[in-house]
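Peer 1: When you get a sec, could you give me coordinates for this:
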Amino acid sequence: MLCFIYKSSKKPELYLFVPEKGNFSNIDELLFTEFGTPEFVMELELTASRKLARANTEKVMASLKDKGYFVQMPPVTFNAPEKTQ
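Peer 2: Sure, this is the predicted structure:
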């Protein structure tokens, strides 16, 4: 399955996968507002055996088929509380 990946102009490490280049018609307006202007990153052929860095490939493919897009959220980071002396 071919997909096209865009990064958010507003939030670092937020990505949008769509099955058709430049077609954002399935994207909810609220999501699109939060995402900002999509900046094209790459075209990628997804297969069940292909590993992605931060997402389950089968879930991405299912979301592309069912919803017409997939959103990859930024990684969650935790800041340890500072120690007081």
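Peer 1: Where in the protein is the helix or strand with the lowest mean pLDDT?
Peer 2: Least confident helix or strand, the chain: helix 29-35 with a mean of 88, by mean pLDDT, DSSP states H and E.
Peer 1: Quick check: buried residues in that one?
Peer 2: Residues of helix 29-35 classed as buried by neighbour count (16 or more other Cβ atoms under 10 Å): Phe35. Where you see a C-beta, it was placed from the backbone N, CA and C, and this is true even at glycine.
Peer 1: Outside of that helix itself, list whatever touches it.
Peer 2: Outside helix 29-35, the residues that touch it by Cβ atoms under 8 Å, 6 or more residues apart in numbering are 8-11, 14, 16, 24, 27, 71.
Peer 1: Scan the residues you listed and report the most crowded one.
Peer 2: Taking other Cβ atoms under 10 Å as the neighbour criterion, Leu16 ranks highest of these with 22 neighbours.
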